[in-house]
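**Q** Here's a sequence, model it:
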Amino acid sequence: MPIVFTYKLELDKIKYDKIGFNPPIEGLTFDNMTIYDLNKIFHDYRDEINENTNKDLLTKFNDPTYNGFIIRRGDKICGYFFLNYGTTYPILKTKYVDERYNGYILSDYVFKKYRGRQIQQYAFYNRIQLLKKKNYKTATAVIAIHNYPSRRSIDKMGFKKCVMCYYFRCGKWIRSRDLFKIIEKKVKY
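**A** The predicted model follows:
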């Protein structure tokens, strides 16, 4: 049963000097993802990208509600990252998020040989700047409970944990609170 945390950041309250991250990092560039970049990722990192991840990346790349980005050091891709502007991400249909003013930071992945070099923080910083330019008020992220490096990274960026969800497999993944609503409707008292 997957367990995930939802994190939220008030964009007007972020203080970069308090998180120990002072962009830009010399030699890194933050770019929009292209089909050429996707093909390069699939070719250069086939030992890190499995078939499901490959399908997920292609689906997001082709969906106009997602914006894909990459970070490069020279001509080498260090990782990929996505941003979604205000559309519903099912796990976040909660009282914690006003979707009209929220952006979703999701599907971050830094390739193994580039980890520990503030690449993910650099990606967070750039996506937060994009959200601020569009007058978004909050950013949210969903991270699996077992993903300690991403949880530590997002904590450093100032995100606050706001909700935890359990998922159950019943033909498709269902959040715990949705499952209980389904059960409530079917059970007669």
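**Q** Can you classify the closest residue to Leu58 other than its chain neighbours by secondary structure?
**A** Of all residues beyond its chain neighbours, the one nearest Leu58 is Leu38 (7.1 Å), with distances taken as C-beta to C-beta, 6 or more residues apart in numbering. Just so you know, the C-beta spots here come from the backbone N, C-alpha and C atoms, and that holds for glycine as well. Assigned state for Leu38: helix (three-state reduction, DSSP: H, G, I helix; E, B strand; the rest coil).
**Q** Would you check that Leu38 makes contact with Lys60?
**A** No - contact status for Leu38 versus Lys60: not in contact, 10.0 Å apart, counting by C-beta atoms under 8 Å.
**Q** the helices in the chain, which residues?
**A** Secondary structure of the chain, counting by DSSP state H: helices at 35-44, 51-62, 119-133, 148-156, 176-186.
**Q** Tell me the gap between the shortest one and the middle of its chain.
**A** Per C-alpha atoms, centre = their mean, to the nearest Å, the displacement of helix 148-156 from the mean C-alpha position of its chain is 12 Å.
**Q** Which positions within it qualify as buried?
**A** By neighbour count, with 16 or more other C-beta atoms under 10 Å as the criterion, the buried positions of helix 148-156 are Ser150, Arg151, Ser153, Ile154, Lys156.
**Q** so which of those residues comes closest to Ala141?
**A** Nearest to Ala141, judged by C-beta to C-beta, of the buried residues of helix 148-156 is Ile154 at 5.8 Å.
**Q** Thanks a lot, catch you later.
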